[in-house]
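Enquirer: with the sequence up front, the predicted model follows.
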Amino acid sequence: MSIARRTMTKKAALVPARHVIWFGWKLVIILSVSLCVFALCRLHFKSDVSSSASSFYRPRSRISRRSFQFAGPPKIAFLFLVRKDLPLDFLWGSFFENADVENFLIFIHSAPGFEFDKTTTRSHFFYGRQLKNSIQVVWGESSMIEAERLLLSAALEDPANQRFVLLSDSCVPLYNFSYIYSYLMASPRSFVDSFVDTKEERYNQKMSPIIRKQKWRKGSQWITLVRSHAKVIVDDEVIFPVFQKHCKRAIPPDASKGKLNAKQKEQNNCIPDEHYVQTLLSMAELEGELERRTLTYTVWNQSATKMESKGWHPITFAYANAGRQNIREIKDINHVYYESEYRTEWCRTNSTSVSCFLFARKFSRGAAVRLLSEGVVGPFDASALLATSN
């Protein structure tokens, strides 16, 4: 073979080799660019998801702050979250008897189908005040906060409702209506017990990145809200579904199941109603608009023995410990200390020092009778207790 022919053969062989190398480099470059774009998109997506709650709530908060026109005085919406009936209706009836009917409205979430009328309550103030769309509520489940949202939604229909007070069937007022009305209307803030939860067993990592650990809060379920904050809760479409899916109370440990018991102890024991409103308002950057304390006094049984078997539960006030001196001691409380934040919350309304609590729980019927007989709430009509209810 001639030299010229061999040279041409080598050149012909080099041509496809160059193409292969060039094609390989193109693939490397394309793959590198694609990976960079994918990584940037993923980072952007994570950033969007992490801040989704804040970006979602800011426009909602602006909407909820629009001024509403209504005739007459601003009202307090009393929202009763009850199992079925209102066992202390005679006390609340006396409380509302001394109020101007233009200053309040009552809403009750009871068991589905239960109606408040003359056969089921001793006070006409509760006739027909139950929600028609109530749901079955189970303690320690998200149905509790769903019921709260239903109450708030119903109360928001009336633009005159400017304060929203959530109460249980064992709550009692510690003052007359006039004092409570003045107290609430004097403050432009909501009263929401809210503090950093330092215990690990409540927060579920699966809530991330929608709910970040830094924004996780805990506090009392019994809240008092201004209208704009009530709308934030009702409008929420992001945080509530996460609570429904991931905030669940743990199954009580069963010592008889050995190793399974250890797994049960590792479960997150999340109680939705002690975290939802607090965390939601924290994520909406509204903590600066709150008095971070509840207006409802509760005494907790912190007995180590009972905690192991049942957990903490409110102590019930009976006739014996519901006297004038007992109530005076509650009224004299002017600050609350939050150990997890090393924070002392001094109770003030517009820079004026006030009593921390307007309501208290849990009170028995006997305790409620004593409150009335000693004139804590208002004039006491003993005949109201003689009426029977089904």
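Expert: Sure thing, it's come through.
Enquirer: kindly check the end-to-end length of stretch 288-296 for me.
Expert: End-to-end distance of stretch 288-296 (C-alpha to C-alpha, to the nearest Å): 21 Å.
Enquirer: also stretch 327-337?
Expert: Start-to-end span of stretch 327-337 (C-alpha to C-alpha) is 20 Å.
Enquirer: name the surrounding residues that touch that stretch.
Expert: The contact list for stretch 327-337 (C-beta atoms under 8 Å, 6 or more residues apart in numbering) reads 174, 293, 297, 343-347, 353-357, 360, 371, 376. Bear in mind the C-beta positions are built from the backbone N, C-alpha and C, glycine included.
Enquirer: check stretch 350-361 too.
Expert: The contact list for stretch 350-361, computed with C-beta under 8 Å, 6+ apart, reads 165, 167-168, 170-175, 179-180, 183-184, 186-187, 222, 293-298, 314, 317, 327, 330-336, 346-348.
Enquirer: weed out the non-buried ones from those residues.
Expert: With burial judged by 16 or more other C-beta atoms under 10 Å, the buried subset of these is 165, 167-168, 170-175, 180, 183-184, 187, 222, 293-298, 317, 327, 330-331, 336, 347.
Enquirer: Pro87: neighbour count?
Expert: Pro87: 17 surrounding residues under other C-beta atoms under 10 Å.
Enquirer: can you check Val138 too?
Expert: Using other C-beta under 10 Å, the number of residues around Val138 comes to 10.
Enquirer: for it, which non-adjacent residue is closest in space?
Expert: Beyond its immediate neighbours in the sequence, the residue positioned closest to Val138 (C-beta to C-beta, 6 or more residues apart in numbering) is Met144, lying 7.4 Å away.
Enquirer: and the one you found, that one's in a helix?
Expert: Yes: assigned with DSSP: H, G, I helix; E, B strand; the rest coil, Met144 falls within a helix.
Enquirer: just to check, it is in contact with Asp273?
Expert: Yes: using C-beta atoms under 8 Å, Met144 is in contact with Asp273, at 4.3 Å.
Enquirer: where do the contact lists of these two overlap?
Expert: Joint contacts of Met144 and Asp273 (C-beta under 8 Å, 6+ apart) are Gln221.
Enquirer: give me the more crowded residue out of the two.
Expert: Neighbours per residue (other C-beta under 10 Å) separate Met144 from Asp273, with Asp273 holding more: 25 against 20.
Enquirer: which residues touch the more buried one?
Expert: With contact taken as C-beta under 8 Å, 6+ apart, Asp273 is in contact with 144-145, 148, 221.
Enquirer: now do stretch 323-339: distance to the chain's middle.
Expert: 24 Å (C-alpha atoms, centre = their mean, to the nearest Å).
Enquirer: quick check: end-to-end length of it?
Expert: So stretch 323-339: terminal residues 30 Å apart, C-alpha to C-alpha.
Enquirer: about what we covered before: okay, who's weakest in the contacts of stretch 327-337 by pLDDT?
Expert: In terms of pLDDT, Val376 ranks lowest among these, with 76.
Enquirer: wait, is it part of a strand?
Expert: No: counting by three-state DSSP, one finds Val376 to be coil, located in no strand.
Enquirer: hang on, it packs against Leu174?
Expert: Yes: using C-beta under 8 Å, Val376 is in contact with Leu174, at 6.8 Å.
Enquirer: still on that earlier bit, now do the same for the residue nearest to Val138: its pLDDT.
Expert: pLDDT at Met144 comes out at 96.
Enquirer: so who does it touch?
Expert: The contact partners of Met144, by C-beta under 8 Å, 6+ apart, come to 81, 137-138, 221, 272-273.
Enquirer: kindly recompute the last result at 10 Å.
Expert: 81, 109, 135, 137-138, 221, 271-274, 276 (C-beta atoms under 10 Å, 6 or more residues apart in numbering).
Enquirer: can you show me the helices along the stretch 51-200 of the chain?
Expert: Using DSSP state H, counting those that start in this stretch, the helices of the stretch 51-200 of the chain run over 52-64, 89-97, 143-156, 177-185.
Enquirer: what pLDDT does the model give the residue nearest the centre of the chain?
Expert: Residue closest to the average C-alpha location in the chain (C-alpha atoms, centre = their mean): Val277, at 2.6 Å. Val277 carries a pLDDT score of 98 in this model.
Enquirer: now do the SS call for it.
Expert: Assigned with three-state DSSP, Val277 falls in the helix class.
Enquirer: surely it and Ser190 touch.
Expert: Yes: Val277 lies in contact with Ser190 (C-beta atoms under 10 Å); the separation is 9.2 Å.
Enquirer: which residues do those two both contact?
Expert: Counting by C-beta under 10 Å, 6+ apart, the residues touching both Val277 and Ser190 are 223, 225, 229, 232.
Enquirer: what about the nearest residue to the third one once chain neighbours are set aside, neighbour count?
Expert: Leaving out its chain neighbours, the residue that sits closest to His229 by C-beta to C-beta, 6+ apart is Ser190, at 4.7 Å. The burial count assigned to Ser190 is 24, neighbours taken as other C-beta under 10 Å.
Enquirer: tell me where the stretch 201-350 of the chain has helices.
Expert: 227-235, 239-246, 259-265, 276-283, 304-309, 324-331.
Enquirer: ranking those by burial, who's on top?
Expert: Comparing those by mean neighbour count (mean count of other C-beta atoms under 10 Å), helix 276-283 ranks first with a mean of 26.
Enquirer: packing partners of it?
Expert: helix 52-64, helix 143-156, strand 195-196, strand 217-218, helix 227-235, helix 239-246, strand 290-291 (3 or more C-beta pairs under 10 Å, 6 or more residues apart in numbering; DSSP states H and E).
Enquirer: can you put these in JSON lines and add distance to Glu102?
Expert: Shown next, in JSON lines, are those (distance: least, C-beta to C-beta, whole Å):
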{"stretch": "helix 52-64", "distance to Glu102": "24"}
{"stretch": "helix 143-156", "distance to Glu102": "16"}
{"stretch": "strand 195-196", "distance to Glu102": "37"}
{"stretch": "strand 217-218", "distance to Glu102": "36"}
{"stretch": "helix 227-235", "distance to Glu102": "17"}
{"stretch": "helix 239-246", "distance to Glu102": "33"}
{"stretch": "strand 290-291", "distance to Glu102": "26"}
